[in-house]
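Enquirer: Sequence first, then the predicted structure, then my questions.
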Amino acid sequence: MYASSTPALLVGPCATPADVDDLRAYGFDVCDQMGLSVVVATSDDVDVRDFSAVYVYEPTGRVAPVAALLEGEAYLHGVPVVRQQSVFQAAACDACAQVQTIATVRNEYGEVFCVDCRGLAAGCAHCGDDTVTRPVDVDGAWAPICRPCVEVAERATGRTYAETVA
Ligand SMILES: [Zn+2]
Ligand SMILES: [Zn+2]
């Protein structure tokens, strides 16, 4: 069903419920800024080979055993590891103003464009349309889903899907 892109795995501190909330908040940003489905690892019971990349969240001074293990497995299996950039590299997209906190990309002129404005977003994880997407909580993972697909899902299930307005 979510076939348009292989999800990324997010690893980081997950020992306490507060850690997991913090990690999920970072996962929202990865989904929002990179246009990727993001599975948040809360234990080492995942296979890194199922993911397109492993994003590492490292709040200052925290060593997370689960994250260290999964990051090591990613290196072993050749899965790309993406660490958060320095806070000093954060910059807003010159076209849409979305602030890039995860991995700012500058072109040869020093201009910043987000994944969407570079035309590189994979689109809605459900229908594949290249439309505006928002991170939506799908069974605990964040998926970039377009508004029409969210509405269809809500009508079908009678649930309201958590969606944070950027
Ligand atoms: Zn943009
Ligand atoms: Zn859609």
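Expert: Received it, and whenever you're ready, just let me know what you need. Ligands and ions are numbered 1, 2, ... in the order given.
Enquirer: give me the low-pLDDT residue ranges for the protein?
Expert: Residue ranges of the chain with pLDDT under 70: 1-4, 61, 162-166.
Enquirer: what does it have sitting close to ligand 2?
Expert: 124, 126, 127, 146, 149 (C-beta under 5 Å from the ion). C-beta: built from backbone N, CA, C; applies to glycine.
Enquirer: I'd like to know which of those are buried.
Expert: Neighbour-count burial (16 or more other C-beta atoms under 10 Å) applied to the residues of the chain next to ligand 2 gives 124, 126, 146, 149.
Enquirer: who does the third one bridge with?
Expert: For residue 146, the residues forming beta bridges with it (DSSP bridges) are residue 133.
Enquirer: Tell me how far residue 145 lies from ligand 1.
Expert: For residue 145, the distance to ligand 1 equals 18 Å [C-beta to the ion, to the nearest Å].
Enquirer: what residues are up against that residue?
Expert: The contact partners of residue 145, by C-beta atoms under 8 Å, 6 or more residues apart in numbering, come to 124, 125, 126, 133, 134, 135, 136, 138, 153.
Enquirer: again, only using 6 Å
Expert: Residues near residue 145 by C-beta atoms under 6 Å, 6 or more residues apart in numbering: 124, 125, 126, 133, 136.
Enquirer: one step back: so which of the residues of the chain next to ligand 2 are in strands?
Expert: Secondary structure from DSSP state E places residue 146 of those in strands.
Enquirer: Quickly check the residues of the chain next to ligand 2 for the two that are furthest apart.
Expert: Greatest spacing in these, by C-beta to C-beta: 126 and 146 (7.4 Å).
Enquirer: hang on, the earlier thing: in helices, which of the residues of the chain next to ligand 2 appear?
Expert: residue 149 (DSSP state H).
Enquirer: Outside of the longest helix along the chain itself, list whatever touches it.
Expert: When the chain is scanned for its longest helix (criterion: DSSP H), the result is helix 17-34. For helix 17-34, the external contacting residues (C-beta under 6 Å, 6+ apart) are 10, 12-14, 38, 40, 42, 55, 57, 102, 115, 135, 142, 144.
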